[in-house]
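Chemist: dropping the sequence and predicted coords here.
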Number of protein chains: 2
Amino acid sequence: MGAEAGSGLGNGDAGAAPPAAGRPRSGEAHRAILDATLELLQEVGFSALTVEGVAGRAGVGKATIYRRWPSKLPLVVEAFGQLPAFEDVDTGALAGDLKAMLTRYLQAFLSTPLATVYPSLAAERAHNPELGQVLDPVLKGRRRPLETALQRAVARGEIAPQVDLDLAADLIVGPIAVRLFFRGMKIHPSMVDPMVDLALDGIRRNGTRTE
Amino acid sequence: MGAEAGSGLGNGDAGAAPPAAGRPRSGEAHRAILDATLELLQEVGFSALTVEGVAGRAGVGKATIYRRWPSKLPLVVEAFGQLPAFEDVDTGALAGDLKAMLTRYLQAFLSTPLATVYPSLAAERAHNPELGQVLDPVLKGRRRPLETALQRAVARGEIAPQVDLDLAADLIVGPIAVRLFFRGMKIHPSMVDPMVDLALDGIRRNGTRTE
DNA sequence: ATGATAACGAGACGTACAGTATCGTAATCG
DNA sequence: CGATTACGATACTGTACGTCTCGTTATCAT
(Lines give C-alpha, C1' and ligand atoms only; values in the text may rest on other atoms or scores of the structure.)
Protein backbone atom coordinates (compact mmCIF):
# COMPACT_ATOMS: atom_id res chain seq x y z
CA MET A 1 0.00 0.00 0.00
CA GLY A 2 3.04 2.23 0.25
CA ALA A 3 2.98 3.98 -3.11
CA GLU A 4 -0.44 5.38 -2.43
CA ALA A 5 0.60 8.82 -3.59
CA GLY A 6 0.05 9.63 -7.22
CA SER A 7 -2.85 7.37 -7.98
CA GLY A 8 -5.68 9.73 -7.25
CA LEU A 9 -7.85 6.70 -6.76
CA GLY A 10 -6.98 5.58 -3.23
CA ASN A 11 -9.13 2.98 -1.65
CA GLY A 12 -9.99 4.50 1.69
CA ASP A 13 -6.92 3.48 3.65
CA ALA A 14 -8.51 0.28 4.85
CA GLY A 15 -6.09 -1.53 7.10
CA ALA A 16 -3.48 1.24 7.16
CA ALA A 17 -1.63 1.91 10.41
CA PRO A 18 -3.36 4.64 12.45
CA PRO A 19 -1.37 7.82 13.11
CA ALA A 20 0.31 8.06 16.48
CA ALA A 21 -1.55 11.12 17.73
CA GLY A 22 -4.79 12.99 17.27
CA ARG A 23 -8.40 12.04 17.08
CA PRO A 24 -8.86 8.79 15.18
CA ARG A 25 -11.06 8.62 12.11
CA SER A 26 -14.59 7.65 12.88
CA GLY A 27 -15.48 4.21 11.59
CA GLU A 28 -19.08 5.21 12.11
CA ALA A 29 -18.74 8.10 9.68
CA HIS A 30 -17.00 5.80 7.21
CA ARG A 31 -19.87 3.37 7.21
CA ALA A 32 -22.48 6.12 7.14
CA ILE A 33 -20.83 7.59 4.04
CA LEU A 34 -20.76 4.27 2.20
CA ASP A 35 -24.35 3.52 3.18
CA ALA A 36 -25.51 6.94 2.04
CA THR A 37 -23.62 6.47 -1.22
CA LEU A 38 -25.38 3.20 -1.94
CA GLU A 39 -28.75 4.66 -1.00
CA LEU A 40 -28.32 7.63 -3.27
CA LEU A 41 -26.96 5.52 -6.11
CA GLN A 42 -30.12 3.50 -5.82
CA GLU A 43 -32.33 6.59 -5.75
CA VAL A 44 -30.79 9.01 -8.25
CA GLY A 45 -28.20 6.98 -10.11
CA PHE A 46 -24.54 7.60 -10.64
CA SER A 47 -24.43 10.75 -12.73
CA ALA A 48 -26.85 12.59 -10.45
CA LEU A 49 -24.96 11.56 -7.35
CA THR A 50 -23.33 14.53 -5.61
CA VAL A 51 -20.78 14.49 -2.86
CA GLU A 52 -22.78 17.18 -1.11
CA GLY A 53 -25.80 14.93 -1.24
CA VAL A 54 -23.84 12.05 0.25
CA ALA A 55 -22.51 14.29 3.02
CA GLY A 56 -25.99 15.52 3.83
CA ARG A 57 -27.52 12.04 3.85
CA ALA A 58 -24.68 10.67 5.98
CA GLY A 59 -24.78 13.60 8.40
CA VAL A 60 -21.18 14.35 7.67
CA GLY A 61 -19.12 17.28 6.43
CA LYS A 62 -17.76 17.24 2.92
CA ALA A 63 -14.21 17.34 4.23
CA THR A 64 -14.79 14.08 6.06
CA ILE A 65 -15.51 12.45 2.72
CA TYR A 66 -12.59 14.04 0.91
CA ARG A 67 -10.30 13.07 3.79
CA ARG A 68 -11.02 9.42 2.95
CA TRP A 69 -11.54 9.43 -0.79
CA PRO A 70 -9.83 11.79 -3.22
CA SER A 71 -12.93 12.20 -5.34
CA LYS A 72 -16.38 10.92 -6.01
CA LEU A 73 -15.27 8.10 -8.25
CA PRO A 74 -13.18 6.01 -5.82
CA LEU A 75 -15.93 6.43 -3.25
CA VAL A 76 -18.35 4.84 -5.65
CA VAL A 77 -15.83 2.13 -6.48
CA GLU A 78 -15.54 1.19 -2.83
CA ALA A 79 -19.32 1.22 -2.40
CA PHE A 80 -19.60 -0.91 -5.52
CA GLY A 81 -17.21 -3.44 -3.98
CA GLN A 82 -19.72 -4.05 -1.21
CA LEU A 83 -22.50 -5.01 -3.56
CA PRO A 84 -23.34 -8.69 -4.04
CA ALA A 85 -21.41 -10.59 -6.70
CA PHE A 86 -21.61 -14.11 -8.08
CA GLU A 87 -21.96 -16.78 -5.44
CA ASP A 88 -20.73 -20.23 -6.21
CA VAL A 89 -23.35 -22.95 -6.39
CA ASP A 90 -22.34 -26.57 -6.87
CA THR A 91 -25.17 -28.70 -8.20
CA GLY A 92 -22.93 -31.36 -9.70
CA ALA A 93 -23.52 -30.30 -13.30
CA LEU A 94 -22.37 -27.22 -15.16
CA ALA A 95 -25.75 -26.24 -16.52
CA GLY A 96 -27.30 -26.41 -13.07
CA ASP A 97 -24.48 -24.44 -11.49
CA LEU A 98 -24.67 -21.66 -14.03
CA LYS A 99 -28.44 -21.42 -14.01
CA ALA A 100 -28.53 -21.18 -10.24
CA MET A 101 -25.72 -18.65 -10.08
CA LEU A 102 -27.14 -16.44 -12.78
CA THR A 103 -30.60 -16.55 -11.26
CA ARG A 104 -29.29 -15.42 -7.90
CA TYR A 105 -27.12 -12.75 -9.43
CA LEU A 106 -29.98 -11.35 -11.45
CA GLN A 107 -32.04 -11.05 -8.30
CA ALA A 108 -29.29 -8.90 -6.79
CA PHE A 109 -29.78 -6.50 -9.68
CA LEU A 110 -33.32 -5.87 -8.51
CA SER A 111 -32.47 -5.00 -4.92
CA THR A 112 -29.20 -3.07 -5.29
CA PRO A 113 -27.84 -0.23 -7.42
CA LEU A 114 -25.77 -2.74 -9.40
CA ALA A 115 -27.65 -2.04 -12.60
CA THR A 116 -26.82 1.64 -12.31
CA VAL A 117 -23.28 1.48 -11.03
CA TYR A 118 -21.92 -1.17 -13.34
CA PRO A 119 -22.38 0.67 -16.62
CA SER A 120 -21.34 3.96 -15.04
CA LEU A 121 -18.02 2.49 -14.02
CA ALA A 122 -17.63 0.96 -17.45
CA ALA A 123 -18.21 4.35 -19.04
CA GLU A 124 -15.76 6.06 -16.76
CA ARG A 125 -12.97 3.58 -17.26
CA ALA A 126 -13.13 4.11 -21.01
CA HIS A 127 -11.25 7.37 -20.61
CA ASN A 128 -9.75 6.97 -17.17
CA PRO A 129 -7.12 4.23 -17.14
CA GLU A 130 -6.44 4.70 -13.43
CA LEU A 131 -9.96 3.62 -12.67
CA GLY A 132 -9.30 0.40 -14.49
CA GLN A 133 -6.38 -0.40 -12.23
CA VAL A 134 -8.50 0.02 -9.14
CA LEU A 135 -11.51 -1.67 -10.65
CA ASP A 136 -9.95 -4.72 -12.23
CA PRO A 137 -9.09 -6.59 -9.02
CA VAL A 138 -12.63 -6.00 -7.78
CA LEU A 139 -14.13 -7.23 -11.01
CA LYS A 140 -11.85 -10.24 -11.06
CA GLY A 141 -12.97 -11.23 -7.59
CA ARG A 142 -16.59 -10.83 -8.52
CA ARG A 143 -16.39 -13.36 -11.35
CA ARG A 144 -14.16 -15.87 -9.65
CA PRO A 145 -17.07 -18.12 -8.60
CA LEU A 146 -18.00 -18.34 -12.25
CA GLU A 147 -14.55 -19.56 -13.17
CA THR A 148 -14.56 -21.98 -10.26
CA ALA A 149 -17.71 -23.58 -11.59
CA LEU A 150 -16.20 -23.81 -15.06
CA GLN A 151 -13.05 -25.43 -13.68
CA ARG A 152 -15.17 -28.02 -11.90
CA ALA A 153 -16.83 -28.78 -15.22
CA VAL A 154 -13.45 -29.29 -16.84
CA ALA A 155 -12.48 -31.70 -14.06
CA ARG A 156 -15.70 -33.63 -14.61
CA GLY A 157 -15.05 -33.78 -18.33
CA GLU A 158 -18.02 -31.60 -19.25
CA ILE A 159 -15.74 -29.09 -20.89
CA ALA A 160 -12.82 -29.98 -23.15
CA PRO A 161 -9.57 -29.01 -21.44
CA GLN A 162 -8.42 -26.80 -24.27
CA VAL A 163 -11.40 -24.46 -23.93
CA ASP A 164 -10.47 -20.89 -22.92
CA LEU A 165 -12.34 -20.59 -19.63
CA ASP A 166 -11.92 -16.85 -19.43
CA LEU A 167 -13.59 -16.52 -22.78
CA ALA A 168 -16.23 -19.05 -21.76
CA ALA A 169 -17.10 -16.94 -18.72
CA ASP A 170 -17.51 -13.92 -20.96
CA LEU A 171 -19.75 -15.93 -23.23
CA ILE A 172 -21.97 -16.78 -20.26
CA VAL A 173 -22.31 -13.27 -18.88
CA GLY A 174 -22.12 -11.50 -22.23
CA PRO A 175 -25.76 -11.76 -23.27
CA ILE A 176 -26.86 -10.65 -19.83
CA ALA A 177 -24.60 -7.63 -19.90
CA VAL A 178 -25.75 -6.67 -23.37
CA ARG A 179 -29.42 -6.97 -22.56
CA LEU A 180 -29.28 -5.38 -19.15
CA PHE A 181 -26.94 -2.50 -19.83
CA PHE A 182 -26.98 -1.72 -23.51
CA ARG A 183 -30.45 -2.72 -24.55
CA GLY A 184 -32.12 -1.79 -21.26
CA MET A 185 -34.10 -5.02 -21.20
CA LYS A 186 -35.52 -6.62 -18.12
CA ILE A 187 -34.43 -10.22 -17.93
CA HIS A 188 -37.17 -12.51 -16.76
CA PRO A 189 -35.92 -15.41 -14.62
CA SER A 190 -37.36 -17.82 -17.17
CA MET A 191 -34.84 -16.45 -19.65
CA VAL A 192 -31.87 -17.78 -17.69
CA ASP A 193 -32.26 -21.38 -18.80
CA PRO A 194 -32.32 -20.72 -22.54
CA MET A 195 -29.41 -18.32 -22.17
CA VAL A 196 -27.23 -20.84 -20.42
CA ASP A 197 -28.28 -23.63 -22.75
CA LEU A 198 -27.42 -21.65 -25.85
CA ALA A 199 -24.01 -20.69 -24.49
CA LEU A 200 -23.28 -24.27 -23.54
CA ASP A 201 -24.54 -25.88 -26.75
CA GLY A 202 -23.69 -23.17 -29.26
CA ILE A 203 -25.69 -21.40 -31.90
CA ARG A 204 -24.84 -23.75 -34.73
CA ARG A 205 -26.78 -26.89 -35.39
CA ASN A 206 -24.81 -29.85 -34.10
CA GLY A 207 -23.07 -31.85 -36.76
CA THR A 208 -23.06 -29.03 -39.25
CA ARG A 209 -19.41 -28.27 -38.69
CA THR A 210 -17.82 -27.03 -41.85
CA GLU A 211 -14.25 -27.23 -40.68
CA MET B 1 -32.99 20.59 -16.94
CA GLY B 2 -36.49 21.95 -16.26
CA ALA B 3 -39.91 20.37 -16.59
CA GLU B 4 -39.46 20.25 -20.34
CA ALA B 5 -42.77 18.98 -21.58
CA GLY B 6 -42.79 15.77 -23.51
CA SER B 7 -39.63 14.00 -24.46
CA GLY B 8 -36.83 16.36 -23.65
CA LEU B 9 -34.81 14.22 -26.02
CA GLY B 10 -35.73 15.64 -29.39
CA ASN B 11 -33.78 14.43 -32.34
CA GLY B 12 -32.84 17.63 -34.05
CA ASP B 13 -36.04 18.23 -35.99
CA ALA B 14 -34.81 16.18 -38.90
CA GLY B 15 -37.45 16.22 -41.61
CA ALA B 16 -39.74 18.72 -39.87
CA ALA B 17 -41.46 21.34 -42.01
CA PRO B 18 -39.54 24.62 -42.06
CA PRO B 19 -41.26 27.68 -40.60
CA ALA B 20 -42.89 30.02 -43.04
CA ALA B 21 -40.79 33.08 -42.23
CA GLY B 22 -37.44 34.02 -40.84
CA ARG B 23 -33.88 32.98 -41.47
CA PRO B 24 -33.64 29.25 -42.00
CA ARG B 25 -31.45 27.13 -39.81
CA SER B 26 -27.99 26.67 -41.15
CA GLY B 27 -27.30 23.14 -42.28
CA GLU B 28 -23.66 24.07 -42.22
CA ALA B 29 -23.80 24.87 -38.51
CA HIS B 30 -25.67 21.61 -37.93
CA ARG B 31 -22.94 19.57 -39.52
CA ALA B 32 -20.17 21.58 -37.89
CA ILE B 33 -21.73 20.89 -34.48
CA LEU B 34 -21.99 17.17 -35.06
CA ASP B 35 -18.46 16.99 -36.42
CA ALA B 36 -17.09 18.92 -33.45
CA THR B 37 -19.00 16.64 -31.12
CA LEU B 38 -17.43 13.54 -32.64
CA GLU B 39 -13.99 15.11 -32.60
CA LEU B 40 -14.24 16.06 -28.97
CA LEU B 41 -15.73 12.72 -27.98
CA GLN B 42 -12.69 11.16 -29.55
CA GLU B 43 -10.31 13.53 -27.77
CA VAL B 44 -11.71 13.96 -24.27
CA GLY B 45 -14.43 11.35 -23.95
CA PHE B 46 -18.06 11.69 -23.05
CA SER B 47 -17.99 12.87 -19.46
CA ALA B 48 -15.46 15.59 -20.19
CA LEU B 49 -17.38 16.78 -23.22
CA THR B 50 -18.81 20.27 -22.71
CA VAL B 51 -21.35 22.08 -24.81
CA GLU B 52 -19.19 25.16 -24.58
CA GLY B 53 -16.32 23.15 -25.99
CA VAL B 54 -18.45 21.91 -28.87
CA ALA B 55 -19.65 25.43 -29.62
CA GLY B 56 -16.10 26.72 -29.62
CA ARG B 57 -14.79 23.94 -31.83
CA ALA B 58 -17.69 24.30 -34.24
CA GLY B 59 -17.40 28.10 -34.37
CA VAL B 60 -20.98 28.41 -33.22
CA GLY B 61 -22.85 30.07 -30.39
CA LYS B 62 -24.19 27.93 -27.57
CA ALA B 63 -27.72 29.00 -28.40
CA THR B 64 -27.34 27.52 -31.85
CA ILE B 65 -26.74 24.15 -30.24
CA TYR B 66 -29.54 24.45 -27.72
CA ARG B 67 -31.88 25.55 -30.49
CA ARG B 68 -31.42 22.12 -32.09
CA TRP B 69 -30.88 19.80 -29.16
CA PRO B 70 -32.40 20.25 -25.71
CA SER B 71 -29.26 19.08 -23.94
CA LYS B 72 -25.91 17.48 -24.38
CA LEU B 73 -27.25 13.95 -24.31
CA PRO B 74 -29.45 13.94 -27.43
CA LEU B 75 -26.70 15.72 -29.29
CA VAL B 76 -24.37 12.87 -28.47
CA VAL B 77 -27.06 10.35 -29.41
CA GLU B 78 -27.37 11.89 -32.85
CA ALA B 79 -23.60 12.01 -33.29
CA PHE B 80 -23.46 8.39 -32.16
CA GLY B 81 -25.96 7.47 -34.87
CA GLN B 82 -23.46 8.59 -37.48
CA LEU B 83 -20.72 6.26 -36.29
CA PRO B 84 -20.07 3.04 -38.20
CA ALA B 85 -22.12 0.00 -37.26
CA PHE B 86 -22.10 -3.61 -38.35
CA GLU B 87 -21.84 -4.07 -42.09
CA ASP B 88 -23.23 -7.19 -43.61
CA VAL B 89 -20.74 -9.55 -45.20
CA ASP B 90 -21.93 -12.64 -47.06
CA THR B 91 -19.23 -15.27 -47.38
CA GLY B 92 -21.61 -18.18 -47.82
CA ALA B 93 -21.04 -19.60 -44.35
CA LEU B 94 -22.08 -18.27 -40.95
CA ALA B 95 -18.67 -18.51 -39.33
CA GLY B 96 -17.08 -16.59 -42.17
CA ASP B 97 -19.77 -13.92 -42.14
CA LEU B 98 -19.49 -13.34 -38.43
CA LYS B 99 -15.72 -13.32 -38.36
CA ALA B 100 -15.56 -10.80 -41.18
CA MET B 101 -18.24 -8.59 -39.68
CA LEU B 102 -16.74 -8.58 -36.21
CA THR B 103 -13.27 -7.90 -37.53
CA ARG B 104 -14.47 -4.89 -39.46
CA TYR B 105 -16.54 -3.65 -36.56
CA LEU B 106 -13.65 -3.93 -34.15
CA GLN B 107 -11.54 -1.85 -36.49
CA ALA B 108 -14.16 0.88 -36.29
CA PHE B 109 -13.60 0.97 -32.54
CA LEU B 110 -10.03 2.01 -33.14
CA SER B 111 -10.78 4.95 -35.43
CA THR B 112 -13.95 6.40 -33.89
CA PRO B 113 -15.20 7.37 -30.42
CA LEU B 114 -17.42 4.28 -30.37
CA ALA B 115 -15.54 2.75 -27.46
CA THR B 116 -16.19 5.87 -25.39
CA VAL B 117 -19.71 6.70 -26.42
CA TYR B 118 -21.23 3.26 -26.23
CA PRO B 119 -20.74 2.65 -22.51
CA SER B 120 -21.59 6.26 -21.69
CA LEU B 121 -24.95 5.92 -23.34
CA ALA B 122 -25.47 2.61 -21.58
CA ALA B 123 -24.73 4.27 -18.25
CA GLU B 124 -27.06 7.12 -18.93
CA ARG B 125 -29.99 5.01 -20.01
CA ALA B 126 -29.86 3.10 -16.74
CA HIS B 127 -31.60 5.99 -15.00
CA ASN B 128 -33.04 7.86 -17.90
CA PRO B 129 -35.78 5.82 -19.58
CA GLU B 130 -36.41 8.53 -22.16
CA LEU B 131 -32.95 8.01 -23.51
CA GLY B 132 -33.79 4.39 -24.09
CA GLN B 133 -36.71 5.33 -26.30
CA VAL B 134 -34.50 7.47 -28.50
CA LEU B 135 -31.62 5.05 -28.43
CA ASP B 136 -33.35 1.76 -29.05
CA PRO B 137 -34.25 2.33 -32.71
CA VAL B 138 -30.67 3.39 -33.38
CA LEU B 139 -29.28 0.33 -31.64
CA LYS B 140 -31.70 -1.93 -33.43
CA GLY B 141 -30.59 -0.60 -36.78
CA ARG B 142 -26.96 -1.05 -35.87
CA ARG B 143 -27.31 -4.77 -35.24
CA ARG B 144 -29.61 -5.57 -38.11
CA PRO B 145 -26.82 -6.83 -40.36
CA LEU B 146 -25.96 -9.31 -37.66
CA GLU B 147 -29.48 -10.67 -37.63
CA THR B 148 -29.55 -10.75 -41.41
CA ALA B 149 -26.48 -12.99 -41.42
CA LEU B 150 -28.07 -15.25 -38.82
CA GLN B 151 -31.26 -15.51 -40.85
CA ARG B 152 -29.24 -16.53 -43.90
CA ALA B 153 -27.68 -19.27 -41.79
CA VAL B 154 -31.12 -20.51 -40.78
CA ALA B 155 -32.15 -20.61 -44.42
CA ARG B 156 -29.02 -22.61 -45.23
CA GLY B 157 -29.75 -25.02 -42.40
CA GLU B 158 -26.69 -24.03 -40.37
CA ILE B 159 -28.89 -22.96 -37.48
CA ALA B 160 -31.87 -24.92 -36.23
CA PRO B 161 -35.06 -22.95 -36.93
CA GLN B 162 -36.13 -22.92 -33.30
CA VAL B 163 -33.05 -20.99 -32.17
CA ASP B 164 -33.79 -17.55 -30.73
CA LEU B 165 -31.85 -15.36 -33.16
CA ASP B 166 -32.09 -12.28 -30.98
CA LEU B 167 -30.44 -14.19 -28.18
CA ALA B 168 -27.93 -15.66 -30.59
CA ALA B 169 -26.92 -12.17 -31.70
CA ASP B 170 -26.39 -11.19 -28.05
CA LEU B 171 -24.27 -14.29 -27.58
CA ILE B 172 -22.06 -13.22 -30.46
CA VAL B 173 -21.52 -9.65 -29.38
CA GLY B 174 -21.69 -10.33 -25.64
CA PRO B 175 -18.07 -11.35 -25.05
CA ILE B 176 -16.87 -8.41 -27.09
CA ALA B 177 -18.99 -5.97 -25.11
CA VAL B 178 -17.84 -7.44 -21.81
CA ARG B 179 -14.17 -7.34 -22.69
CA LEU B 180 -14.18 -3.99 -24.40
CA PHE B 181 -16.38 -2.03 -22.03
CA PHE B 182 -16.37 -3.70 -18.65
CA ARG B 183 -12.96 -5.29 -18.52
CA GLY B 184 -11.22 -2.61 -20.56
CA MET B 185 -9.39 -5.20 -22.63
CA LYS B 186 -8.00 -4.62 -26.07
CA ILE B 187 -9.26 -7.27 -28.44
CA HIS B 188 -6.62 -8.46 -30.83
CA PRO B 189 -7.97 -9.34 -34.27
CA SER B 190 -6.68 -12.88 -33.79
CA MET B 191 -9.19 -13.23 -30.96
CA VAL B 192 -12.17 -12.91 -33.27
CA ASP B 193 -11.97 -16.44 -34.65
CA PRO B 194 -11.96 -18.25 -31.29
CA MET B 195 -14.74 -15.99 -30.06
CA VAL B 196 -17.01 -16.77 -32.95
CA ASP B 197 -16.13 -20.46 -32.88
CA LEU B 198 -16.94 -20.77 -29.19
CA ALA B 199 -20.28 -19.01 -29.60
CA LEU B 200 -21.15 -21.20 -32.57
CA ASP B 201 -20.03 -24.50 -31.06
CA GLY B 202 -20.80 -23.90 -27.40
CA ILE B 203 -18.76 -24.25 -24.26
CA ARG B 204 -19.74 -27.80 -23.49
CA ARG B 205 -17.96 -30.78 -24.94
CA ASN B 206 -20.04 -32.25 -27.73
CA GLY B 207 -21.90 -35.39 -26.83
CA THR B 208 -21.74 -34.73 -23.11
CA ARG B 209 -25.35 -33.61 -22.99
CA THR B 210 -26.86 -34.61 -19.67
CA GLU B 211 -30.43 -33.84 -20.59
C1' DA C 1 -38.01 47.91 -51.63
C1' DT C 2 -39.42 47.16 -47.02
C1' DG C 3 -40.91 45.22 -42.93
C1' DA C 4 -41.83 41.00 -40.14
C1' DT C 5 -39.68 37.02 -38.55
C1' DA C 6 -36.32 33.92 -36.94
C1' DA C 7 -31.64 32.13 -36.84
C1' DC C 8 -26.94 33.66 -36.26
C1' DG C 9 -22.23 34.32 -33.09
C1' DA C 10 -21.03 36.22 -28.89
C1' DG C 11 -21.22 36.27 -24.34
C1' DA C 12 -23.46 37.74 -19.76
C1' DC C 13 -26.09 35.58 -16.24
C1' DG C 14 -27.96 32.46 -12.42
C1' DT C 15 -27.60 27.89 -10.59
C1' DA C 16 -25.33 23.74 -9.22
C1' DC C 17 -21.67 21.19 -7.84
C1' DA C 18 -16.54 19.74 -7.39
C1' DG C 19 -12.90 20.17 -4.58
C1' DT C 20 -10.23 23.30 -1.12
C1' DA C 21 -9.79 25.95 2.92
C1' DT C 22 -11.05 27.66 7.37
C1' DC C 23 -13.90 27.90 11.26
C1' DG C 24 -14.52 26.35 16.39
C1' DT C 25 -15.11 21.81 18.69
C1' DA C 26 -14.13 17.06 20.17
C1' DA C 27 -11.36 12.94 20.78
C1' DT C 28 -7.02 10.64 21.60
C1' DC C 29 -2.11 10.43 22.76
C1' DG C 30 2.28 11.39 25.46
C1' DC D 1 -2.75 19.18 30.14
C1' DG D 2 -0.86 20.28 25.77
C1' DA D 3 -0.02 18.66 21.03
C1' DT D 4 -2.25 16.66 17.36
C1' DT D 5 -5.70 15.27 14.31
C1' DA D 6 -10.56 14.33 12.96
C1' DC D 7 -15.06 16.27 13.31
C1' DG D 8 -19.42 19.05 11.22
C1' DA D 9 -20.28 23.26 9.18
C1' DT D 10 -19.70 26.45 5.84
C1' DA D 11 -17.32 29.93 2.94
C1' DC D 12 -14.78 29.97 -1.15
C1' DT D 13 -12.99 29.26 -6.13
C1' DG D 14 -13.59 27.34 -10.49
C1' DT D 15 -16.15 25.13 -14.08
C1' DA D 16 -20.02 24.06 -16.83
C1' DC D 17 -24.96 23.83 -17.64
C1' DG D 18 -28.84 25.93 -19.62
C1' DT D 19 -31.22 30.61 -20.25
C1' DC D 20 -31.24 34.97 -21.91
C1' DT D 21 -30.21 39.22 -24.36
C1' DC D 22 -27.33 41.62 -27.45
C1' DG D 23 -26.70 43.52 -32.39
C1' DT D 24 -26.57 41.25 -36.98
C1' DT D 25 -28.06 38.59 -41.01
C1' DA D 26 -30.92 35.74 -44.09
C1' DT D 27 -35.45 34.67 -45.84
C1' DC D 28 -40.32 35.42 -46.82
C1' DA D 29 -44.63 38.18 -47.79
C1' DT D 30 -46.31 42.20 -49.46
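Modeler: Right, received. Where do you want to start? Residues are numbered from 1 along each chain as shown, chains lettered A, B, ... in the order given.

Chemist: going forward, measure contacts between C-alpha atoms and count neighbours the same way
Modeler: Fine.

Chemist: tell me the first helix or strand C-terminal of the helix or strand where residue A:149 lies.
Modeler: Taking DSSP states H and E as the definition, one finds residue A:149 inside helix A:129-156. Moving toward the C-terminus from helix A:129-156, the next helix or strand (DSSP H and E) is helix A:165-177.

Chemist: how about the residues of chain A by DNA strand C?
Modeler: Taking C-alpha under 7 Å from any atom of the strand as the criterion, chain A approaches DNA strand C at residues A:20-24, A:48-53, A:62-63, A:66, A:70-72.

Chemist: ok so, going back, who does the helix holding residue A:149 touch, helix- and strand-wise?
Modeler: Packing contacts for helix A:129-156, counted by 3 or more C-alpha pairs under 8 Å, 6 or more residues apart in numbering or on different chains; DSSP states H and E, involve helix A:72-81, helix A:94-111, helix A:114-125, helix A:165-177.

Chemist: helices or strands up against the shortest one?
Modeler: In other words, helix A:72-81. Secondary elements touching helix A:72-81 (3+ C-alpha pairs under 8 Å, 6+ apart): helix A:27-44, helix A:114-125, helix A:129-156.

Chemist: at 10 Å what do you get?
Modeler: If contacts are counted by 3 or more C-alpha pairs under 10 Å, 6 or more residues apart in numbering or on different chains; DSSP states H and E, helix A:72-81 sits against helix A:27-44, helix A:51-58, helix A:62-68, helix A:114-125, helix A:129-156.

Chemist: contacts for that helix, please.
Modeler: With contact meaning C-alpha atoms under 10 Å, 6 or more residues apart in numbering or on different chains, helix A:72-81 is reached by A:8-12, A:31, A:33-38, A:41, A:46, A:49-51, A:54, A:65-66, A:68-69, A:112-114, A:117-118, A:120-121, A:124, A:131, A:134-135, A:138-139, A:141-142.

Chemist: could you give me the PyMOL selection string for whichever of the residues you listed are buried?
Modeler: Buried residues within the contacts of helix A:72-81, by 16 or more other C-alpha atoms under 10 Å in any protein chain shown, are selected in PyMOL with:
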select buried, chain A and resi 9+10+11+12+33+34+35+36+37+38+41+46+49+51+54+65+68+69+112+113+114+117+118+120+121+124+131+134+135+138+142
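
Chemist: against residue A:172, how distant is the one residue in chain A that gets nearest to DNA strand C?
Modeler: Using C-alpha to the nearest atom of the strand, the single residue of chain A nearest to DNA strand C is residue A:50, 3.0 Å away. Using C-alpha to C-alpha, to the nearest Å, residue A:50 is found at 35 Å from residue A:172.

Chemist: residues in contact with residue A:153?
Modeler: Contacts of residue A:153 were listed using C-alpha under 10 Å, 6+ apart, and they are A:92, A:93, A:94, A:95, A:97, A:147, A:159, A:160, A:161, B:204, B:205.

Chemist: how does it look with 6 Å?
Modeler: Residue A:153 is in contact with A:94, A:159, counting by C-alpha atoms under 6 Å, 6 or more residues apart in numbering or on different chains.

Chemist: so what's the residue of chain A closest to DNA strand C up against?
Modeler: With C-alpha under 6 Å, 6+ apart as the criterion, no residue contacts residue A:50.

Chemist: if I look at residue A:61, how far off is residue A:54?
Modeler: Distance, residue A:61 to residue A:54, by C-alpha to C-alpha: 9 Å.

Chemist: oops, could you answer that again for residue A:79 instead?
Modeler: Counting by C-alpha to C-alpha, the separation of residue A:79 from residue A:54 is 12 Å.

Chemist: is the closest residue to residue A:108 other than its chain neighbours within a helix or a strand, and which one?
Modeler: Once flanking residues are discounted, residue A:108 sits nearest to residue A:84: 6.6 Å by C-alpha to C-alpha, 6 or more residues apart in numbering or on different chains. Element membership for residue A:84, per DSSP H and E: none, as it lies in no helix or strand.
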